[in-house]
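[1] Provided below for reference: sequence and predicted model.
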Amino acid sequence: MKPKPHSFGATRLSQSPWYRYLFCGWLFRDVSVGSLLERAAAWRHNREQARWLTTYMRRWSTLGVLFYLFGAMVELLAASPAVSAVFFVPSAISVSVNAVLGAAWIGFKTLPPPI
């Protein structure tokens, strides 16, 4: 049961190694479609794939720290808050991405199946 892409560009983006390195949506299956057995199988698959969420959390944390350090360096050396914002904004985004990934990981590990 493979989801149908909306456009050709979406297919190419999801095939990109950078996309797969940073975003984990491609690992999971849709639990809201199919028969009861298919949805139960999708839930089990998603629970098994949840083990990779901690890897993605490490990646986003590393990127967040690196962007923060680059932003601090640019602000100190160039004294340019506008240019340093280019690095601070992705650092702040990484915090929210990690919050979502952490909530999903905890949910998959602790919640009962929705079926």
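    Nice, thanks for sending it over.
[2] Find the nearest non-adjacent residue to Ala42, please.
    Among residues not flanking Ala42 along the chain, Arg29 sits closest, at 4.0 Å (CB to CB, 6 or more residues apart in numbering). All C-beta spots, glycine's among them, are computed from the backbone N, C-alpha and C.
[3] so what does the biggest helix by length in the chain touch, helix or strand wise?
    Assignment by DSSP state H gives helix 81-110 as the longest helix of the chain. Using 3 or more CB pairs under 8 Å, 6 or more residues apart in numbering; DSSP states H and E, the elements in contact with helix 81-110 are helix 36-49, helix 53-78.
[4] Which of the three states applies to the residue nearest to Ala42?
    For Arg29, the secondary structure call by DSSP: H, G, I helix; E, B strand; the rest coil comes out as coil.
[5] Ramachandran coordinates for it?
    Phi and psi for Arg29, reported as degrees, to the nearest 10, are phi -110, psi 160.
[6] That one contacts Glu48, doesn't it?
    No - shown here, Arg29 and Glu48 do not form a contact pair, counting by CB atoms under 8 Å, at 10.6 Å.
[7] Just want to know which of these two has more residues nearby.
    Neighbours around Arg29 and Glu48, counted as other CB atoms under 10 Å, are more numerous at Arg29. The numbers are 18 against 11.
[8] Look at the residue nearest the centre of the chain and report its pLDDT.
    Geometric centre of the chain, nearest residue: Phe23, 3.9 Å, by CA atoms, centre = their mean. pLDDT for Phe23: 94.
[9] Identify the residues contacting it.
    Residues near Phe23 by CB atoms under 8 Å, 6 or more residues apart in numbering: Tyr56.
[10] Check whether Val33 sits in a helix, strand or coil.
    With three-state DSSP as the basis, Val33 sits in coil.
[11] Can you tell me the closest non-neighbouring residue to Met57?
    Per CB to CB, 6+ apart, closest to Met57 is Leu101, 4.9 Å.
[12] what's the distance between that neighbour and Pro114?
    From Leu101 over to Pro114 the distance is 19 Å, taken as CB to CB, to the nearest Å.
[13] Would you mind writing the CA trace of stretch 82-98 as CSV?
    This file holds the C-alpha atoms of stretch 82-98, laid out as CSV (Å, rounded to 0.1, in the frame of the first residue of the first chain):
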residue,chain,number,x,y,z
ALA,A,82,20.5,40.3,10.4
VAL,A,83,23.1,37.9,9.0
SER,A,84,23.3,35.9,12.2
ALA,A,85,19.5,35.5,12.1
VAL,A,86,20.0,33.3,9.0
PHE,A,87,21.7,30.8,11.4
PHE,A,88,19.6,31.4,14.5
VAL,A,89,16.2,30.7,12.8
PRO,A,90,17.1,27.2,11.7
SER,A,91,18.5,26.6,15.1
ALA,A,92,15.1,27.6,16.7
ILE,A,93,13.2,25.5,14.1
SER,A,94,15.3,22.4,15.1
VAL,A,95,13.9,22.7,18.7
SER,A,96,10.3,22.5,17.5
VAL,A,97,11.1,19.6,15.1
ASN,A,98,12.7,17.7,18.1
